[in-house]
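In: need a structure here:
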Amino acid sequence: MAGLKYAVHAYAWTAHWSNETLSILDRAKRLGFDVLEVPLMEPDAVDPTAIKKRANAVGIDVCCSTACSAETDITSDDPAIRAAGVSYLKRCVDLTAEMGGSVFSGVVYSAIGGRLDGFPTDEHWNRSAAALSDVARHAAKLGVTIGIEPVNRYETFLVNTAEQAIKLAGMIAESNVAVHLDAYHMNIEETDFYTPTLAAIPHLCHFHMSESHRGTPGAGTVDWEAIYRALADGGYSGLVGLESFVEGSPAMRAATCIWRPLAESSDRLLADGLAYLRALERVMYNRV
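Out: Numbering: from 1, shown residues only. So this is what the prediction gives:
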């Protein structure tokens, strides 16, 4: 079985992607990563041709992610906002394909930070599924997989658990719709790590290996052995990724509720975290 492919999110070093941050591709490669995750929250700032050229020169792959906003919420009561969300997500798919990526994931199913007065209704689920079906059919023509990332209750009302992500993927019923897990959010919402990880593996396209406090993997309360045991038992050989917000802007740190230093630098957090996770992979996958 092929080894896991390790990605790092560009937010480790910048809160705003532009051509001035292309050197991040080199930095990620030097630290030993296989993939750079490019954020698409500001699509006008993204030059896919420049990214593809630099990535090819460096020898690193790319994937992309985003989170829908109130203006692009595909569960909105306003059909104009839902249409804007579909257009935005299709543009993100286009950018992913143009820079040579094949995975586009994140909070693509509703607005990040969205709130309701009650539980989400069938209408919310159906709106999300219908919109993502449209986006997925577009993505399939470009060879792009769309990943649904469950996040915690404080960040979305719709998809908080692996089970809910699998449910939404089933409602969409397109072969290029997958699940993207994140250990930080699982630590809040799941009752254990092994069971939901194993259940998601037939649908899994990405996994953020984020610690319980968003610091260095292995230094918090996430049960990494359970996660890697599930990945190995399920035969997963795809994409996993690290995140760091140590060097983000004040706005980024506020958005992720980081109020203290979690490492001396992003490079240190990522290097230590990558070493820890690769060592765990060798043990759990019997690659020692």
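In: can you pull out the strands in the protein?
Out: Counting by DSSP state E, the chain has strands at residues 5-9, 35-39, 61-68, 103-111, 145-148, 177-182, 204-208, 239-242.
In: can you redo these as CSV with mean pLDDT and distance to Lys29?
Out: Where you see a C-beta, it was placed from the backbone N, CA and C, and this is true even at glycine. Supplementary listing: these in CSV, determined by pLDDT from 0 to 100; distance: least, CB to CB, whole Å:
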stretch, mean pLDDT, distance to Lys29
strand 5-9, 98, 10
strand 35-39, 97, 8
strand 61-68, 97, 10
strand 103-111, 98, 18
strand 145-148, 99, 23
strand 177-182, 99, 23
strand 204-208, 99, 19
strand 239-242, 98, 14
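In: right, and the ones you listed - which one's nearest Glu155?
Out: If you check each of the strands of the chain against Glu155 by CB to CB, strand 103-111 wins as the nearest, at 7.3 Å.
In: picking that back up, could I get the strands of the chain as a markdown table with distance to Phe193 and mean neighbour count?
Out: Putting these into a markdown table (distance: least, CB to CB, whole Å; neighbours: other CB atoms under 10 Å) gives the following:
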| stretch | distance to Phe193 | mean neighbour count |
| --- | --- | --- |
| strand 5-9 | 19 | 23 |
| strand 35-39 | 22 | 25 |
| strand 61-68 | 21 | 25 |
| strand 103-111 | 19 | 27 |
| strand 145-148 | 19 | 27 |
| strand 177-182 | 10 | 26 |
| strand 204-208 | 11 | 25 |
| strand 239-242 | 14 | 25 |
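In: same list (these) but as a markdown table, adding distance to Ala50.
Out: Compiled in a markdown table, these are given as follows (distance: least, CB to CB, whole Å):
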| stretch | distance to Ala50 |
| --- | --- |
| strand 5-9 | 19 |
| strand 35-39 | 11 |
| strand 61-68 | 12 |
| strand 103-111 | 18 |
| strand 145-148 | 23 |
| strand 177-182 | 26 |
| strand 204-208 | 24 |
| strand 239-242 | 22 |
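In: which stretch among the ones you listed comes nearest Arg278?
Out: With CB to CB as the measure, strand 5-9 is the member of these nearest Arg278 (7.3 Å).
In: let's see the closest one as PDB, backbone CA atoms only.
Out: What follows is strand 5-9, C-alpha atoms only, in PDB (Å, rounded to 0.1, in the frame of the first residue of the first chain):
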ATOM      1  CA  LYS A   5       0.400  12.000   1.300                       C
ATOM      2  CA  TYR A   6       1.000  14.900   3.800                       C
ATOM      3  CA  ALA A   7      -0.300  18.300   3.000                       C
ATOM      4  CA  VAL A   8       0.200  21.600   4.800                       C
ATOM      5  CA  HIS A   9      -2.300  24.500   4.700                       C
END
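In: all helices of this structure, in order?
Out: Across the chain, reading from the start of the chain, the helices by DSSP state H fall at 23-30, 48-58, 79-98, 122-141, 162-172, 183-189, 194-200, 224-233, 250-255, 266-284.
In: mean confidence score for the second one?
Out: The predicted model gives helix 48-58 an average pLDDT of 98.
In: what residues does that helix touch?
Out: Applying CB atoms under 8 Å, 6 or more residues apart in numbering, the set of residues contacting helix 48-58 from outside is 19, 22, 25-26, 29, 36, 38, 61-62, 95, 98-100.
In: please redo it, this time with the cut-off set to 6 Å
Out: Residues outside helix 48-58 that contact it (CB atoms under 6 Å, 6 or more residues apart in numbering) are Asn19, Leu22, Leu25, Asp26, Lys29, Val62, Leu95, Glu98, Met99, Gly100.
In: fine by me, thanks again.
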